[in-house]
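Asker: need a structure here:
(chains A and B)
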Protein chains: 2
Amino acid sequence: MRVVVTGGAGFIGSNLVDALLSDGHHVVVVDNFSTGVVDNLHRATQTRRCQIVEGDLLDTTLVADAVRGADAVFHLAANADVRFGWNHPWRDLEQNVAATINVLEAARASDVRRVLFSSTGSVYGEAQVIPTLEDAAFPQQTSLYGASKLAAEGYLGAYAEAGHLSVTVFRFVSVLGPRYSHGHVIDFVRQLARDPARLHILGDGTQRKSYLDVDDCVAAMRLCLPRDPRFEVFNLGVDSYCTTTESATWICERMGAKPEVRFGGGDRGWIGDNPFIFLDTTRIRSLGWAHRRSIREAVERTVDDLLAHPARLDAPAEDRAAASEI
Amino acid sequence: MRVVVTGGAGFIGSNLVDALLSDGHHVVVVDNFSTGVVDNLHRATQTRRCQIVEGDLLDTTLVADAVRGADAVFHLAANADVRFGWNHPWRDLEQNVAATINVLEAARASDVRRVLFSSTGSVYGEAQVIPTLEDAAFPQQTSLYGASKLAAEGYLGAYAEAGHLSVTVFRFVSVLGPRYSHGHVIDFVRQLARDPARLHILGDGTQRKSYLDVDDCVAAMRLCLPRDPRFEVFNLGVDSYCTTTESATWICERMGAKPEVRFGGGDRGWIGDNPFIFLDTTRIRSLGWAHRRSIREAVERTVDDLLAHPARLDAPAEDRAAASEI
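Answerer: Alright, predicted model coming up:
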């Protein structure tokens, strides 16, 4: 198959690209390299079946050209900065909603029926029922990021309903693993690499988090590629959770650090931080999928990868500030 | 109070403006007059407490100026063309989502805390449970219009969660009454005014519809103005429904017409047409609200108003084509 992966140079995207290539597909990566990095495609570009299109999804001509002739599109490109959305309230609308509509219009125009979309467990807001099912009660959004992903899901639903597309939506918990670039694990590793004697944790450390290893995430996405629904949604997550403090403990052990830990206080790290996203994954399990790695393994693999690629610990100022977000 | 009403020259908006003025408020109408009409503000402009700002909500300066100093904003302006969304897939995003974010940013910038928003029962998609509660199961969207309204609701939720706003969302069934401009009643009256011997009905006539009279709609909105929630949602509708054929019968009787009726066929009028939106209104009733007019009264009042203002039967080409949509 010829498969387009938007955001294919990013963390999850590039892992997906590698998997699709090893499955024998031809892959077209579309990425504006705002957060994606060329190095993530190092393995991919060693095959002849990977084409890279550098550009923004707001460029309708570029999107139309990239999508034409494809059998399926994995649309993963997004602004994933949950915490600092309020500094630029338009960015999510442009990068997560308008960009999605561009992809959908391009698919509709060239009769590319199959679209698979990376959404987020954040769309459940403060879920009333945990673990949360895909058809949970209509939620209130708690972040611009969640609002923009919900908006994109809504557009995908409308395109599917009108018969233009066959759509699969994935709602992820936070994902960890090689090439991870964004969230509390990188923040903790960065702090400890700089000073193994001190660790500052936002919130009070009791925030519960459920993390999925990127290999397990990608396995679920590959599994759904051949499906042909009108519109379906799958939660992707693990069947357990940890606290921020537990995660910090595993990271410290892995790095051999025994820091003095300070807490920012409060039951969440920042405004809009969701204290607990824990998803019911019965639906995706019914397809035969199961996660293979535990949260602890995912955390440790991430630490190992970061220590092996110290350049990943460098990041622009706002990203550094945002790093503790998920 | 000083109250801004976006879309205040429209059908529901202008009825709300009249009510707010009779309650003694100062009202600032913001309307781009794309579908709103000056004549709807005839009564309003006879007071000195009504100011009209002509302009588009995509003009950030205009929105900021209009909102500054207000105590509350009723944000009603929207592209309400459900049926022909596919002819211009970007219009809903601009007029219903981007415009909403402009209003929210303007409110945030000038510390206007109270925002009341007109959403739609369309956001429930094909509801699994009817009558549908506000916290129904997470829906798939079935139209670009519904997707854009859901998106706007998501943004309102995020702004409320971040402490910027106190938000009330109203999800309407279709609304009828004086100044009504859009939907199947106007289409039927128009057809019969032209030729009382013939009536063409899209679908098979069995589509069930629940209609609220605009006075009842406005009464609920006034009732909620003094509230101060973080974020709340109210369904607005009546406790019964009719079929398209019943509604046609009432219209024919009111007009003294006995046409030959032809049906387009199928269980819905057009792609994305939702066969049945019927809302559970227990929540708004718990505040003491109840609708006073039946569906039949609302239909008859609408027919009378259209016949008394035949100019309302004129409409641009696409609106004419779209007229049967709700």
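
Asker: use CA for all of it now, contacts and neighbours both
Answerer: Noted.

Asker: what lies in contact with stretch A:228-242?
Answerer: In this structure, residues lying in contact with stretch A:228-242 by C-alpha atoms under 8 Å, 6 or more residues apart in numbering or on different chains are A:114, A:121, A:133-134, A:157, A:160-161, A:163, A:165-173, A:208-212, A:217, A:220, A:278-281, A:283-284, A:291, A:294-295, B:140.

Asker: which of the residues you listed fall in strands?
Answerer: Among the contacts of stretch A:228-242, the residues falling in strands (DSSP state E) are A:Arg114, A:Ser166, A:Val167, A:Thr168, A:Val169, A:Phe170, A:Arg171, A:Phe172, A:Arg208, A:Lys209, A:Tyr211, A:Leu212.

Asker: out of these, who's nearest B:Val97?
Answerer: Nearest to B:Val97 out of the ones in strands among the contacts of stretch A:228-242 is A:Val169 (C-alpha to C-alpha; 21.4 Å).

Asker: ok, that closest one to chain B distance?
Answerer: 11 Å (C-alpha to the nearest C-alpha, to the nearest Å).

Asker: please apply the same query to A:Glu153.
Answerer: Here the criterion is C-alpha to the nearest C-alpha. By it, A:Glu153 lies 8 Å from chain B.

Asker: give me the angle between whichever strand or helix holds that residue and strand A:166-172.
Answerer: Assessed by DSSP states H and E, A:Glu153 sits inside helix A:144-161. Orientation note: helix A:144-161 sits at an angle of 160 degrees relative to strand A:166-172 (axes from the mean of the first three to the mean of the last three C-alpha atoms, to 10 degrees).

Asker: just the CA trace of helix A:144-161, in CSV.
Answerer: As requested, the backbone C-alpha atoms of helix A:144-161 are provided in CSV (Å, rounded to 0.1, in the frame of the first residue of the first chain):
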residue,chain,number,x,y,z
LEU,A,144,-7.4,24.2,24.0
TYR,A,145,-5.5,21.1,22.8
GLY,A,146,-8.4,18.8,23.8
ALA,A,147,-10.9,21.2,22.3
SER,A,148,-9.0,21.2,19.0
LYS,A,149,-8.7,17.4,18.9
LEU,A,150,-12.4,17.1,19.6
ALA,A,151,-13.1,19.5,16.8
ALA,A,152,-11.0,17.5,14.4
GLU,A,153,-12.8,14.3,15.5
GLY,A,154,-16.1,16.1,14.8
TYR,A,155,-15.0,16.9,11.3
LEU,A,156,-13.8,13.4,10.7
GLY,A,157,-17.2,12.1,11.8
ALA,A,158,-19.0,14.5,9.4
TYR,A,159,-16.8,13.5,6.4
ALA,A,160,-17.4,9.8,7.3
GLU,A,161,-21.1,10.3,7.7
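
Asker: by contact count, what packs against it?
Answerer: Under the contact definition 3 or more C-alpha pairs under 8 Å, 6 or more residues apart in numbering or on different chains; DSSP states H and E, helix A:144-161 sits against helix A:91-92, helix A:99-109, strand A:114-120, strand A:166-172, strand A:231-236, helix B:144-161.

Asker: for that helix, the distance to its chain's centre please.
Answerer: Averaged C-alpha coordinates place helix A:144-161 at 16 Å from its chain's average position (C-alpha atoms, centre = their mean, to the nearest Å).

Asker: now the helix or strand harbouring A:Ser247, how far from the centre of its chain.
Answerer: A:Ser247 belongs to helix A:244-255 when assigned by DSSP H and E. Relative to the centre of its chain, helix A:244-255 is centred 22 Å away, using C-alpha atoms, centre = their mean.

Asker: determine the set of other helices and strands touching it.
Answerer: For helix A:244-255, where contacts count as 3+ C-alpha pairs under 8 Å, 6+ apart, the packed elements are helix A:184-194, helix A:295-308.

Asker: kindly reformat those as CSV containing mean neighbour count, mean pLDDT and distance to A:Gly7.
Answerer: Conversion of the helices and strands packed on helix A:244-255 to CSV gives the following (neighbours: other C-alpha atoms under 10 Å in any protein chain shown; pLDDT from 0 to 100; distance: least, C-alpha to C-alpha, whole Å):
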stretch, mean neighbour count, mean pLDDT, distance to A:Gly7
helix A:184-194, 20, 94, 20
helix A:295-308, 20, 97, 20
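
Asker: as JSON lines, the ones you listed with distance to B:Ile186 would be great.
Answerer: What follows is those, written out as JSON lines (distance: least, C-alpha to C-alpha, whole Å):
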{"stretch": "helix A:184-194", "distance to B:Ile186": "57"}
{"stretch": "helix A:295-308", "distance to B:Ile186": "59"}
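
Asker: residues in contact with A:Ala70?
Answerer: A:Met1, A:Arg2, A:Val3, A:Val4, A:Val112.

Asker: just A:Arg293 next, same as before
Answerer: When contacts are counted by C-alpha under 8 Å, 6+ apart, A:Arg293 is found next to A:Leu212, A:Asp213, A:Asp216.

Asker: picking up where we left off before, which among the contacts of stretch A:228-242 count as buried?
Answerer: Applying 16 or more other C-alpha atoms under 10 Å in any protein chain shown to the contacts of stretch A:228-242, the neighbour count classes A:114, A:121, A:133-134, A:157, A:160-161, A:165-173, A:208-212, A:217, A:220, A:278-281, A:284, A:291, A:294-295, B:140 as buried.

Asker: rewinding a little: make a PyMOL selection of the buried ones in the contacts of A:Ala70.
Answerer: Here is the PyMOL command that selects the buried residues among those (16+ other C-alpha under 10 Å):
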select buried, chain A and resi 2+3+4+112
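
Asker: what about the nearest residue to A:Phe263 once chain neighbours are set aside, distance to chain B?
Answerer: Nearest residue to A:Phe263, sequence neighbours excluded (C-alpha to C-alpha, 6 or more residues apart in numbering or on different chains): A:Ile201, at 4.8 Å. Distance of A:Ile201 to chain B, computed by C-alpha to the nearest C-alpha: 21 Å.

Asker: just A:Arg108 next, same as before
Answerer: Going from A:Arg108 to chain B by C-alpha to the nearest C-alpha gives 11 Å.

Asker: ok, that residue touching A:His164?
Answerer: Yes. Taking contacts as C-alpha atoms under 8 Å, A:Arg108 lies within contact range of A:His164: 5.9 Å.

Asker: one step back: as CSV, the contacts of A:Ala70 with pLDDT would be great.
Answerer: Output for the contacts of A:Ala70, formatted as CSV (pLDDT from 0 to 100):
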residue, pLDDT
A:Met1, 96
A:Arg2, 98
A:Val3, 98
A:Val4, 98
A:Val112, 97
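
Asker: so of the contacts of A:Ala70, which ones are in strands?
Answerer: A:Arg2, A:Val3, A:Val4.

Asker: which of those sits closest to chain B?
Answerer: Nearest to chain B among these, counting by C-alpha to the nearest C-alpha, is A:Val4 at 22.3 Å.

Asker: pull the contacting residues for the closest one.
Answerer: Taking C-alpha under 8 Å, 6+ apart, we find A:Val4 in contact with A:Val27, A:Val28, A:Val29, A:Val30, A:Ala66, A:Val67, A:Ala70, A:Ala72, A:Val73, A:Phe74, A:His75.

Asker: name the nearest of those relative to A:Gly8.
Answerer: A:Val29 (5.0 Å).

Asker: looks to me like the closest one is in a strand.
Answerer: Yes. A:Val29 sits within a strand when classified using DSSP: H, G, I helix; E, B strand; the rest coil.

Asker: low-confidence regions, the stretch 151-300 of chain A specifically.
Answerer: Counting by pLDDT under 70, the stretch 151-300 of chain A shows low-confidence ranges at A:267-275.

Asker: need the residues of chain A near chain B, please.
Answerer: Applying C-alpha under 8 Å from any C-alpha of the partner chain, we find that chain A lies next to chain B at A:93, A:98, A:134-144, A:146-148, A:150-152, A:154-155, A:157-159, A:161-162, A:231, A:271-272.

Asker: PyMOL command to pick out the buried ones of those?
Answerer: Under the burial definition 16+ other C-alpha under 10 Å, those of the residues of chain A next to chain B that qualify are selected in PyMOL by:
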select buried, chain A and resi 93+98+134+136+137+138+139+140+141+142+143+144+146+147+148+150+151+152+154+155+157+158+159+161+162+231+272
